[in-house]
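> 3D, please:
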Amino acid sequence: MSPIYDCRDEAQLLTGMRQARQAIGRGELVVIPTDTVYGVAADAFDHQAVARLLAAKGRGRQSPPPVLVAGLTTLRALVAEVPEPIERLVEAYWPGGLTIVLPAQPSLSWDLGETRGTVAVRMPAHRIALELLEETGPLAVSSANLTGMAAGITAEDAEGMLKDSVAVYLGDGPSTTGIPSTIIDATSLVGGDAPQVRVLRDGAVSREQLRDVLGDLLEPEPRSGPDADEAAPAPDAADTDAAPEATPAPGAPELEAAPAPGTPDPDRS
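Now for the predicted structure:
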């Protein structure tokens, strides 16, 4: 049985972090607390570890996981370009519940699944997650649950579903909000003819907050009422790590809910 370390205890924190770093280095999976829900993490540059992550959740390559980073410097290394409006968003809402989809840096040697050249990136607002990211580098992270089941809000919840597919569980008590990150598609800001930021899933950062920074670059509010177009299916709230509520951009990550076919796993973490 894989160990659960209560990181609220200093001794267990030190031991758990050491074991987690070593597990990531061996290509194994680790469950970590984040500012949204618990996430299951793997080395983003180890394609076998990413495959283990998807298999542990019961997902396929059509649902690539998002990537958690420790800050803007790492974001710049992972994407082809960080447009100026996105820099302003990062300054305003990172670390926090905002996942950003951009074209991936083409020179990177990684395999997150069927991303179609994009990557979803987020900087979590949680001390344990950030400390681990500082030491391991970028992690592919999806909500710590089996597909179709509620996202884990404690390490024990996650262990009950993922069991020995995960090598180390880091616990920090119940998740404080359980609100998934907002996922935006900013790919059209990089060389697009009609630049516009789309909201793939509403979450912790509201559309009003996004518009405060982006202005008219943010897509118009969706219509509502009897005359509105038929709505896209709501995301599976169970998988808080990634599923956008609107039709995602090509290769968009699988965030915090079960994504539509071809959608990456936006992180609920």
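
> where do the strands of the stretch 101-250 of the chain begin and end?
Under the criterion DSSP state E, counting those that start in this stretch, the stretch 101-250 of the chain contains strands at 118-122, 139-143, 168-171, 182-185, 198-201.

> Ala23: what secondary structure?
Under DSSP: H, G, I helix; E, B strand; the rest coil, Ala23 falls in the helix class.

> quick check: pLDDT value at it.
On pLDDT, Ala23 comes in at 98.

> from Asp43, how far off is it?
The spacing between Ala23 and Asp43, counted by C-beta to C-beta, to the nearest Å, is 10 Å. Any C-beta I mention is one placed from the backbone N, CA and C, and that applies to glycine too.

> compare these two (neighbour count), which wins?
Shown here are Ala23 and Asp43; by other C-beta atoms under 10 Å, Asp43 has more neighbours (24 against 21).

> can I assume the more buried one is in contact with Leu139?
Yes. Counting by C-beta atoms under 8 Å, Asp43 does reach Leu139; the two are 6.7 Å apart.

> which residues in the chain form helices?
Ranges of helices within the chain are 10-25, 47-57, 72-78, 84-93, 127-136, 155-162, 207-214, based on DSSP state H.

> what mean pLDDT does the second one have?
To tie it back to what came earlier, the one meant is helix 47-57. Helix 47-57 carries an average pLDDT of 97.

> do stretch 118-130 as well
97.

> and that stretch, what's buried?
Residues 118-126, 128-130 are the ones in stretch 118-130 that count as buried (16 or more other C-beta atoms under 10 Å).

> ok, which pair from the residues you listed is furthest apart?
Within the buried residues of stretch 118-130, Thr118 and Ile128 form the most distant pair, 27.7 Å apart (C-beta to C-beta).

> ends of stretch 82-100, what's the gap?
Start-to-end span of stretch 82-100 (C-alpha to C-alpha, to the nearest Å) is 10 Å.

> hang on, I meant stretch 192-211
Terminal residues of stretch 192-211 are spaced 20 Å apart (C-alpha to C-alpha).

> buried residues in that stretch, which are they?
Going by neighbour count (16+ other C-beta under 10 Å), the buried part of stretch 192-211 is 197-205, 207, 210.

> check stretch 71-88 too.
By neighbour count on 16+ other C-beta under 10 Å, the buried set for stretch 71-88 is 74-75, 78-80, 82-83, 85-86.

> how far is it from where the chain is centred?
Remark: stretch 71-88 is offset 16 Å from the chain centroid, using C-alpha atoms, centre = their mean, to the nearest Å.

> just the mean pLDDT for it, thanks.
The pLDDT scores in stretch 71-88 average 97.

> look up how far Tyr5 lies from the nearest residue to Ser206 once chain neighbours are set aside.
Spatial nearest neighbour of Ser206, excluding adjacent residues (C-beta to C-beta, 6 or more residues apart in numbering): Thr182 at 7.6 Å. Distance of Thr182 to Tyr5, computed by C-beta to C-beta: 30 Å.

> the more surrounded of those two?
Thr182 (27 against 22).

> please name the bridge partners of the more buried one.
Counting by DSSP bridges, Thr182 is bridged to Leu98.

> contact partners for it?
97-99, 199, 201-206, 210 (C-beta atoms under 8 Å, 6 or more residues apart in numbering).

> repeat for Asp172
6-8, 33, 126, 128, 155.

> what's the farthest-apart pair in these?
Asp6 and His126 (15.3 Å).
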